[in-house]
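> sequence plus the predicted model coming up.
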Amino acid sequence: ASKVIGLTGGIGSGKTTVAKFIEECGFPVYYSDDRAKEIVNDNDDLKQKIKELLGEEAYDKDDLYDRKFVAEKVFNNKELLHQLNEIIHPAVRIDFEDWVKKQTKYLVFKETALLFELKLNLQCYKSILVTAEDNIRIKRVMDRDGKTYREVQAIMEKQMPEKDKIKLADCIIYNNTNLEDLKHQTEKIIFDIE
Ligand code: ATP
């Protein structure tokens, strides 16, 4: 069986960029967030549960997940958001387990923003945290998404503090400089995993 390496980082840390470097090295990466967006449409059992929780309107006339409707419905309703996550997260977990079974490489990577929050690191052989200084992360997301400084900062403040993640991670990539350095650190870490 493949060893699973968890890959995480807060907003704008560079975890997706690192994941792409890992793929360039020939290792498969499972993108949890992207898969979550797919399975809300592909997994009938999950769809049914979401409709029971949020109503039929959670899906549009083409029976596609209505992200805007759901966002508005759970906005300011922590309990409902929690219940929705309690449905989606286990479905992603199962989807990941199915995916892993099909892999043939000795190492596979699971990219997720919530590795430590959901204690998914406990099911991984090792965890990698991508981190960078707050100001650098904010600037990168402003450039990438056109968000304001305050908007990015507000998202960041809701995430698990960096110091807590640093304590939990097995390997840490400091992404404060350029992409060449980031790639170099990534390669060093993955080829050192035994
Ligand atoms: P999110 O959680 O918001 O999706 P992320 O952790 O996946 O963020 P990336 O999308 O990989 O972060 O990186 C954020 C932005 O910063 C991207 O536009 C990326 O191209 C850029 N970036 C990442 N690392 C560097 C770097 N070392 N030098 C320059 N730009 C970088």
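Noted; the coordinates are in hand. Numbering: from 1, shown residues only.

> for the residue most central in space within the chain, which residues are in contact?
The chain has T112 as the residue nearest its centroid, 2.4 Å off, counting by CA atoms, centre = their mean. Contacts of T112 were listed using CB atoms under 8 Å, 6 or more residues apart in numbering, and they are 6-8, 32-33, 118, 120. From N, CA and C alone the C-beta is placed, and that goes for glycine too.

> now, these that are in helices?
32-33 (DSSP state H).

> are any of the contacts of T112 buried, and if so which?
Using 16 or more other CB atoms under 10 Å as the burial test, the contacts of T112 include 6-8, 32, 118, 120 as buried.

> distance to the ligand and pLDDT added to those, as TSV?
Output for the buried ones among the contacts of T112, formatted as TSV (distance: CB to the nearest ligand atom, whole Å; pLDDT from 0 to 100):
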residue	distance to the ligand	pLDDT
G6	14	98
L7	10	98
T8	9	98
S32	11	98
L118	15	95
L120	16	97
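
> let me know the closest of those residues to K183.
Among these, L7 lies closest to K183 (CB to CB), at 14.4 Å.

> just checking, the closest one touches C124?
No - the criterion here is CB atoms under 8 Å, and L7 misses it with C124 at 9.2 Å.

> for the residue nearest to the centre of the chain, give its distance to I155.
Distance, T112 to I155, by CB to CB, to the nearest Å: 16 Å.

> which among the contacts of T112 gets closest to V18?
For the contacts of T112, the nearest to V18 is L7 (6.5 Å; CB to CB).

> next, the contact list for the closest one, please.
With CB under 8 Å, 6+ apart, L7 has these contacts: 15, 18-19, 22, 29, 109-112, 115, 127-128, 130.

> which ones, among those residues, also lie beside the ligand?
Among the contacts of L7, the ones lying near the ligand by CB under 6 Å from any ligand atom are K15.

> out of the contacts of L7, which sit inside strands?
The strands, defined by DSSP state E, take in 29, 109-111, 127-128, 130 from those.
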